[in-house]
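Participant: For reference, the sequence and a predicted model appear below.
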Amino acid sequence: MKSRPNIRQGALQPEAVASLHYEHASVSDRHGGLFWHALLPWTLVAQGHAVKLMPAEYLRPFVRSNKNDYVDAEAIAEAVQRPTMRFVPIKNEAQLDMQALHRVRDRWIGRRTAVINQLRGFLLEHGITVATGPRHLRKQMPLILEDAANLLSPRMRMLLMELRTEWDKLEEQIDSINRERGESAKKQEGSRRLLTIPGIGPRTATAPTAAIGNATAFHKSLDLAGWVDLVPRQHFTGGESRLLSISKRGDPYLRRLLSHGARSVLAGGKRDQRSFGEWLNKLEAQPGMNVKQKSGLNKAILDQGWAEFRRQLEYKMLWAGGLLLAVPPKNTSAICPSCGRVSGKNRQTQAVFACVECGYSENADLVGAINVRRAGHARFACEVNSEVSCQQQEPTERAA
């Protein structure tokens, strides 16, 4: 038995961690911000340890007795060996910084709402009403403060001016974070892919990237929907399965952003230009506005068009150490792999390819795959060999 060293968080420096001679390191996902989510895991990874970060709520069933450090360590050691245990991806410093930006902005928006409500309350107490909406209040505030005929006292005018100054400062701070977040969304590859999905803007695109990273912890889109808790709760007993409402156990902030995106998709136009436009039209005829929004939200997450599939495939290929090359689809189904003849008459039907020059016959989809592969090889050769230009490459390669 190896002795268990008693090391506190303040003493967990790289030198102290390096003295722990273990191959695997399991850490509970507890509240500790940058230290437990980034600094300690990445320090252990740099020293050759295999780090597994587990949610604290999944460790509760393994705690046998009272709460102390030794019992928690035993629970972690037992839980990490379970084959069905789910682990949390390690966040880097950029993800934690982006999450902090979202949290600070959300708090500032709450403060701005509180200031606006307080302004309206003070004005209403003195018999002054303003139309609904922040822009109407902002437009009327200078006129109200300059009007000497209203019932405002000098002290109340000073308070209203201070509240207006606080409102302006909050607006500047929120705009600054919005600009920073918009620039970050344009720089990150994952956020740029999410921006192509209807209903997702810079704010919604950066939030999932900061929360889940590259989504390697989810094997399919339904797992991601379950993590955000957009799927109904399941109650299965006695051979009977019942689907209930969503439990709201996931990330409420991310779920709120996606819900707003679903509302924008339902309220927006250009449905005829989207793959699920007809489905939205049928959904709108059904009763229940919130049901429509949640259904549209699940549809937006699970629905994958060809462009998004190609981007996801590119990400998976890069993650696996491969390379995905996109080639122009022009004439890929009209080129004969045998003689290189390009003719629209070669593909006689949707499934049959027959060359009018040499009589080569094969399945049309197989011929298209062969031409796409050869075009990819030619493009890869152009990128690797800088001395050969793409214009000098032959469109096809003759079979030997």
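Facilitator: That came through fine.

Participant: Now name the helix or strand holding M54.
Facilitator: strand 50-55 (DSSP states H and E).

Participant: list the buried ones in that strand?
Facilitator: Residues of strand 50-55 classed as buried under the neighbour-count rule (16 or more other C-beta atoms under 10 Å) are V51, K52, L53, M54. C-betas here are computed from N, CA, C, even on glycine.

Participant: Residues contacting stretch 103-112, please?
Facilitator: By C-beta atoms under 8 Å, 6 or more residues apart in numbering, the residues outside stretch 103-112 that reach it are W167, L170, E171, Q173, I174, I177, N178, R181, Y253.

Participant: Skip ahead from whatever helix or strand the last one lives in and say which helix or strand is next.
Facilitator: Translated: Y253. Element membership for Y253 (DSSP H and E) is helix 252-267. Per DSSP H and E, the first helix or strand lying C-terminal to helix 252-267 is helix 277-284.

Participant: Could you chop this structure up by domain?
Facilitator: For the chain, the structural domains run 14-79, 93-187, 209-306, 325-392, going by automatic domain parsing.

Participant: Format these as a markdown table; extra columns: distance to L318 and mean pLDDT.
Facilitator: Conversion of the domains of the chain to a markdown table gives the following (distance: least, C-beta to C-beta, whole Å; pLDDT from 0 to 100):
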| stretch | distance to L318 | mean pLDDT |
| --- | --- | --- |
| domain 14-79 | 20 | 68 |
| domain 93-187 | 17 | 91 |
| domain 209-306 | 10 | 71 |
| domain 325-392 | 12 | 78 |
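
Participant: now for the ones you listed, which one comes closest to R86?
Facilitator: domain 14-79 (6.7 Å; C-beta to C-beta).

Participant: what comes up buried for stretch 367-386?
Facilitator: For stretch 367-386, burial by neighbour count (16+ other C-beta under 10 Å) applies to V367, G368, I370, N371, V372, R374, A375, A378, R379, C382.

Participant: now swap in stretch 316-336 and tell me
Facilitator: Residues V327, T332, S333, A334, I335, C336 are the ones in stretch 316-336 that count as buried (16+ other C-beta under 10 Å).

Participant: how far away is the second one from G133?
Facilitator: Note on T332: its distance to G133, by C-beta to C-beta, to the nearest Å, is 54 Å.

Participant: just the helices in the stretch 101-250 of the chain please.
Facilitator: Taking DSSP state H, counting those that start in this stretch, the helices of the stretch 101-250 of the chain run over residues 134-146, 154-187, 189-195, 202-212, 221-228.

Participant: follow-up on the earlier one: how about the domains of the chain in a markdown table, adding distance to R193?
Facilitator: Listed next are the domains of the chain as a markdown table, based on distance: least, C-beta to C-beta, whole Å:
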| stretch | distance to R193 |
| --- | --- |
| domain 14-79 | 24 |
| domain 93-187 | 11 |
| domain 209-306 | 9 |
| domain 325-392 | 14 |
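
Participant: Out of the ones you listed, which is closest to P202?
Facilitator: domain 93-187 (4.1 Å).

Participant: mind checking how far the closest one is from the chain centre?
Facilitator: 29 Å (C-alpha atoms, centre = their mean, to the nearest Å).

Participant: Stretch 207-226 too?
Facilitator: Taking mean C-alpha positions (C-alpha atoms, centre = their mean), stretch 207-226 and its chain are 7 Å apart.

Participant: Return the set of buried residues in that stretch.
Facilitator: Buried residues in stretch 207-226, counted by 16+ other C-beta under 10 Å: A207, P208, T209, A210, A211, I212, G213, A215, L224, A225.

Participant: Can you pick out the most distant pair from the residues you listed?
Facilitator: A210 and A225 (18.3 Å).

Participant: that older thread, what is the nearest of the buried residues of stretch 207-226 to H260?
Facilitator: Of the buried residues of stretch 207-226, the one sitting nearest to H260 (C-beta to C-beta) turns out to be A207, at 11.3 Å.

Participant: tell me the contacts of the closest one?
Facilitator: When contacts are counted by C-beta under 8 Å, 6+ apart, A207 is found next to M98, H102, Y253, L254, L257.

Participant: What subset of those is buried?
Facilitator: The buried subset of these - by 16+ other C-beta under 10 Å - is M98, H102, L254, L257.

Participant: tell me which of those is nearest to R242?
Facilitator: L254 (26.5 Å).
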